[in-house]
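[1] Quick one, structure for this:
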Amino acid sequence: MQPIETERLILRNFREDDAEGLFAYLRAPVSGCFLDLKLADLAAARTDARARSGDDQQIAVALKGTDQLVGDLFAHREAEELDTVSVGWNFNPAFAGRGYAFEAARALFDQLFGLAGARRLYAYVEDHNTRSRRLCERLGMRQEGTFVEYITFRNDAAGNPIYENTMQYAILRREWAAR
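    A predicted model of the protein is given here:
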């Protein structure tokens, strides 16, 4: 992908040297939906960063001055509807509260709706993930519905699945342009 620059960030392909930054937030994922991405050690992080580096749908978010990885975005086109894109984000909690996720997602949305020709973007968010829900709302996304007991990422102490309610947010190109 061509890098995207914002005031404080660079959105770019992953590189193997992003492994340490990736490990910083994937050794203990905060959100249940990222538990399957959990990294055991730095060697696993290197392997993951290398794999991501060849995938334009996996986007590294780095600080402009230092190139330090602070999080990542993803943008997956639907196979059946190429103008529809599933988007999401995962940021290092050490960088929370600085507006990086909003700045990065806004730049990605501009790119997807502009040059990439997307018509519709959507995101899935667990109902208890208030930061992600607020980010969707700040981006102008509307809540389209809630899937009750939709998915499970972990089990309770007895081994029973813990199901989570998942909200779907979306925005259309015309809604983005009207903002």
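[2] So which other helices or strands are in contact with the host helix or strand of residue 102?
    Assigned by DSSP states H and E, residue 102 belongs to helix 100-113. In terms of contacts (3 or more C-beta pairs under 8 Å, 6 or more residues apart in numbering; DSSP states H and E), helix 100-113 is packed against strand 4-5, strand 9-12, strand 58-63, strand 69-77, strand 84-91, strand 120-126, helix 130-138, helix 173-178. The C-beta positions use only the backbone N, C-alpha and C, and glycine is treated the same way.
[3] hmm, who's touching it?
    Residues outside helix 100-113 that contact it (C-beta atoms under 8 Å, 6 or more residues apart in numbering) are 4, 6-9, 11, 59, 61, 70-71, 73, 75, 85, 87, 89, 91, 118, 121, 131, 135, 138-139, 171, 173, 176-177.
[4] just stretch 161-179 next, same as before
    In contact with stretch 161-179 (C-beta under 8 Å, 6+ apart) are residues 32, 109, 113, 118-128, 133, 136-137, 139-156.
[5] now swap in stretch 71-91 and tell me
    11, 14, 22, 25-26, 29, 31, 34, 37, 52, 57-61, 70, 92, 95, 100-101, 104-105, 108-109, 112, 116-124, 132, 135.
[6] May I see the buried residues of it?
    Across stretch 71-91, burial judged by 16 or more other C-beta atoms under 10 Å covers 71-75, 84-91.
[7] for stretch 29-36, same thing?
    29, 31-33.
[8] With secondary structure and distance to residue 65 as extra columns, can I get the residues you listed in JSON lines?
    Shown next, in JSON lines, are these (DSSP: H, G, I helix; E, B strand; the rest coil; distance: C-beta to C-beta, whole Å):
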{"residue": "29", "secondary structure": "coil", "distance to residue 65": "27"}
{"residue": "31", "secondary structure": "coil", "distance to residue 65": "28"}
{"residue": "32", "secondary structure": "helix", "distance to residue 65": "33"}
{"residue": "33", "secondary structure": "helix", "distance to residue 65": "31"}
